[in-house]
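[1] Sharing a sequence plus its predicted fold:
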Amino acid sequence: MPLIMAGREGSRRVIVAADAAARAVGLRVGMTVAKAQALVKDVIVEEHRPDFDRRELERLALWFLGNYAPIVAIDPPDGVVIDTTGADHLHGNELLMVSGMVNRLHAMGIAARAAVADSWGAAHAIARHGREAVAVVPEGDVAASILDLSILALRLDADIVSSLRTLGFERIRDLETTPRAPLALRFGPQIGRRLDQALCRVPEPIDPIRPPDAIEVRRAFAEPISAAETIARYVGKLVRAICALLEEQGVGVRRLDLICQRVDSGIQVVRAGTAKPVRDVARLTRLLCDRIETVDPGFGIEILLLSASRVEPLDAVQTASSLIEEPEADVGGLVDVIANRGHRVYRIAAVESDVPERSFMLVPPLADDDEIGWPAHWPRPSRLLLQAEPIQCIAPLPDHPPVRFTWRGIRHVVKRADGPERVHGEWWKRDKELLAVRDYFSVENEAGERFWIYRQGDGEHGDSGSGNWFLQGIFG
């Protein structure tokens with residue numbers, strides 16, 4: 001049934017949002033509710049609650065703060081603005097980061113569009129009025145990306161947009177190529193300010209949202225600082241102070257944000273993550289100081305703020321005595337350093353599945369060991385191809401290994417072989433796998449190279465598989 005949301009526009013009760021079913025029957029935003037009910041008798045009307053929307057938008061901003069970047073603010077009525085400088089390396093790159101955002105929101109039932117650009121205004125415009133749901137604008141290409149968009153993208157007041165359209169202005173390019181003085185004389189400074197903000201001519205500071213229970217320490221300076229050595233020295237002091245607060249609350253930090261507020265109101269950020277909760281002063285100081293060279297102090301930094309944006313419980317651990325047993329090596333520091341330099345670090349864990357490509361998953365590098373393991377009665381290759389590749393084989397009988405095969409244009413003569421190991425399909429996942437089987441063989445060629453190949457089907461019954469051969473792994 002059609003669903004609309006009703007709000008007030010002066011003394012009129014109008015539609016402020018409409019779902020797809022409502023739009024399909026002709027209802028649109030701005031139409032009076034009385035007219036909508038007259039047109040569609042079974043329309044569902046819900047009251048718009050702006051205060052509730054704002055609270056939920058703030059909750060969403062706090063979620064982004066904990067998962068993506070330390071500088072996040074709401075962009076009412078339906079947006080969030082994020083400064084990802086200094087944090088995008090933790091997610092691979094900008095495209096992977098913003099795609100991950102949209103995918104995770106979709107998984108939560110939230111339809112989303114996102115854009116990364118050099119300015120808040122440009123990102124706002126492209127996310128709402130661009131062609132793609134996910135867009136990353138190369139650095140310096142803002143003008144080419146937004147000039148052909150509608151003037152609605154400039155965050156101008158509705159009455160100004162209406163008047164500009166009456167005068168024939170439709171695109172941002174029309175405003176950009178028009179002399180500023182007549183526009184400012186008639187409409188005030190808003191048009192010029194929004195153009196300059198979107199095109200990166202003037203800065204637009206973000207007032208970041210902060211969680212009410214955040215563990216933070218800060219240091220204000222009477223004289224701004226700019227030297228890397230000075231910044232590093234005060235970072236060490238802030239880390240010691242925040243570790244003391246973490247210890248008081250019995251928690252360790254998983255994500256630490258260093259926010260540098262410059263005298264020109266600009267903000268520089270360094271974000272460091274850890275594989276496990278820690279409150280080791282030396283480790284956290286090193287992770288932050290390794291990225292100090294990415295901080296542009298400008299004319300000087302007047303405030304340093306260190307915030308633990310993600311914390312987890314951390315209990316005291318009894319350390320082993322070297323006289324009784326060999327202490328276990330701690331690779332957490334190494335993992336943290338590698339991960340904070342932009343590399344993906346993970347470990348492979350077993351999954352309960354006989355189908356090889358489903359028998360593993362990627363887990364955090366320091367996750368607890370699993371107790372599943374892989375089959376011990378049949379060897380598994382050290383390298384599993386991302387996707388099994390077809391090969392041409394000659395085999396004497398259905399249950400015999402091949403005598404030779406061709407892979408990637410190279411012919412291999414089989415000298416030794418072991419198998420078959422029969423793997424049945426997982427019928428509870430797909431009906432097509434009810435009768436499907438694979439026969440795996442470990443084969444060795446004349447050069448001593450060992451491969452893991454399989455035949456799709458049992459070689460006798462057509463409904464068990466196509467009978468084609470594939471290479472899926474290589475033994476080390």
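    Yep, that arrived.

[2] Phi and psi next, for residue 46.
    With angles defined as degrees, to the nearest 10, residue 46 sits at phi -120, psi 140.

[3] Quick one: list the elements packing against the strand or helix carrying residue 334.
    Assigned by DSSP states H and E, residue 334 falls within helix 332-340. When contacts are defined as 3 or more Cβ pairs under 8 Å, 6 or more residues apart in numbering; DSSP states H and E, helix 332-340 sits against strand 267-278, helix 281-289. (Glycine included, C-beta is placed from N, CA and C.)

[4] out of those, deepest packed?
    strand 267-278 (a mean of 21; mean count of other Cβ atoms under 10 Å).

[5] Who are the packing partners of the host helix or strand of residue 304?
    Secondary structure from DSSP H and E places residue 304 in strand 301-313. Other helices and strands packing on strand 301-313, by 3+ Cβ pairs under 8 Å, 6+ apart, are helix 50-67, strand 215-225, helix 228-249, strand 251-262, strand 267-278.

[6] What are the boundaries of the strands in the stretch 351-476 of the chain?
    360-363, 383-394, 404-407, 410-424, 437-445, 450-456, 469-474 (DSSP state E, counting those that start in this stretch).

[7] what about dumping the CA coordinates of the second one to CSV?
    Output in CSV follows, covering the C-alpha atoms of strand 383-394 (Å, rounded to 0.1, in the frame of the first residue of the first chain):
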residue,chain,number,x,y,z
ARG,A,383,48.1,-22.7,-2.8
LEU,A,384,44.5,-22.7,-3.8
LEU,A,385,43.6,-20.9,-7.0
LEU,A,386,41.0,-18.1,-6.7
GLN,A,387,38.9,-19.9,-9.2
ALA,A,388,39.4,-23.5,-10.6
GLU,A,389,40.8,-23.3,-14.1
PRO,A,390,39.8,-25.7,-16.9
ILE,A,391,42.4,-28.2,-18.2
GLN,A,392,42.4,-30.8,-21.0
CYS,A,393,43.0,-34.3,-19.7
ILE,A,394,43.5,-37.8,-21.0
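
[8] Tell me the buried residues in that strand?
    The neighbour-count check on strand 383-394 (16 or more other Cβ atoms under 10 Å) flags 384, 388, 391, 393 as buried.

[9] Show me what that strand is packed against.
    Looks like strand 383-394 contacts strand 404-407, strand 450-456, strand 469-474 (3+ Cβ pairs under 8 Å, 6+ apart).

[10] In CSV, list the ones you listed along with mean pLDDT, mean neighbour count and distance to residue 345.
    As requested, these are exported to CSV (pLDDT from 0 to 100; neighbours: other Cβ atoms under 10 Å; distance: least, Cβ to Cβ, whole Å):
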stretch, mean pLDDT, mean neighbour count, distance to residue 345
strand 404-407, 94, 17, 31
strand 450-456, 94, 23, 27
strand 469-474, 94, 19, 23
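
[11] Out of these, which is closest to residue 1?
    Counting by Cβ to Cβ, residue 1 lies closest to strand 450-456 out of those; the figure is 48.3 Å.

[12] Sheet-wise, list the partners of that closest one with their directions.
    strand 437-445 (antiparallel), strand 469-474 (antiparallel) (DSSP bridges).

[13] how much distance is there from the shortest one to the middle of the chain?
    Its chain's average C-alpha position is 33 Å from that of strand 469-474, according to Cα atoms, centre = their mean, to the nearest Å.

[14] Ok, stretch 61-75 next?
    With Cα atoms, centre = their mean, you get 12 Å for stretch 61-75.

[15] and if you look at stretch 288-307?
    With Cα atoms, centre = their mean, you get 24 Å for stretch 288-307.

[16] Quote the end-to-end distance of that stretch.
    12 Å (Cα to Cα, to the nearest Å).

[17] in it, what counts as buried?
    Neighbour-count burial for stretch 288-307 [16+ other Cβ under 10 Å]: 288-292, 295, 297, 301-302, 304-307.

[18] Need the nearest residue in space to residue 300, chain neighbours excluded.
    residue 224 (2.5 Å; Cβ to Cβ, 6 or more residues apart in numbering).

[19] Do I have it right that that neighbour meets residue 303?
    No: Residue 224 lies out of contact with residue 303 (Cβ atoms under 8 Å); the separation is 9.4 Å.

[20] for residue 434, what are its contacts?
    425, 427 (Cβ atoms under 8 Å, 6 or more residues apart in numbering).

[21] would you turn the strands of the stretch 351-476 of the chain into TSV with distance to residue 192?
    As requested, the strands of the stretch 351-476 of the chain are exported to TSV (distance: least, Cβ to Cβ, whole Å):
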stretch	distance to residue 192
strand 360-363	50
strand 383-394	53
strand 404-407	65
strand 410-424	66
strand 437-445	68
strand 450-456	66
strand 469-474	62
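
[22] if we can go back for a sec, kindly reformat the helices and strands packed on strand 383-394 as JSON lines containing distance to residue 414.
    JSON lines is the format used below for these (distance: least, Cβ to Cβ, whole Å):
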{"stretch": "strand 404-407", "distance to residue 414": "6"}
{"stretch": "strand 450-456", "distance to residue 414": "9"}
{"stretch": "strand 469-474", "distance to residue 414": "12"}
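
[23] Select, out of these, the one closest to residue 362.
    strand 469-474 (17.5 Å).

[24] Please write out the alpha-carbon positions of that closest one in PDB.
    C-alpha atoms of strand 469-474 as PDB (Å, rounded to 0.1, in the frame of the first residue of the first chain):
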ATOM      1  CA  TRP A 469      38.600 -31.500 -15.700                       C
ATOM      2  CA  PHE A 470      39.800 -28.500 -13.600                       C
ATOM      3  CA  LEU A 471      43.000 -27.500 -11.800                       C
ATOM      4  CA  GLN A 472      42.300 -26.000  -8.300                       C
ATOM      5  CA  GLY A 473      45.500 -26.000  -6.400                       C
ATOM      6  CA  ILE A 474      49.300 -26.300  -6.500                       C
END
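
[25] Next, the residues that contact that strand from outside, please.
    356-357, 380-385, 388-393, 402, 405, 407, 440, 449-456.

[26] switch the cut-off to 7 Å
    Applying Cβ atoms under 7 Å, 6 or more residues apart in numbering, the contact partners of strand 469-474 are 356, 381, 383-385, 388-391, 393, 402, 405, 407, 451-456.

[27] follow-up on the earlier one: can you convert the helices and strands packed on strand 301-313 into a markdown table and add a column each for distance to residue 341 and mean pLDDT?
    What follows is these, written out as a markdown table (distance: least, Cβ to Cβ, whole Å; pLDDT from 0 to 100):
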| stretch | distance to residue 341 | mean pLDDT |
| --- | --- | --- |
| helix 50-67 | 20 | 91 |
| strand 215-225 | 25 | 93 |
| helix 228-249 | 17 | 93 |
| strand 251-262 | 16 | 90 |
| strand 267-278 | 11 | 87 |
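
[28] Okay, residue 178 and residue 151: tell me how far apart.
    11 Å (Cβ to Cβ, to the nearest Å).

[29] higher neighbour count, those two?
    Taking neighbours as other Cβ atoms under 10 Å, residue 178 and residue 151 compare with residue 151 leading, 21 against 14.

[30] residues touching the more buried one, list them.
    Contacts of residue 151 by Cβ under 7 Å, 6+ apart are 161, 164, 169-172, 175.

[31] Now stretch 37-49: buried residues?
    Per 16+ other Cβ under 10 Å, stretch 37-49 contains these buried residues: 40, 43, 48.

[32] so what's the backbone phi/psi at the last one?
    To tie it back to what came earlier, the one meant is residue 48. According to degrees, to the nearest 10, residue 48 has phi -80, psi 130.
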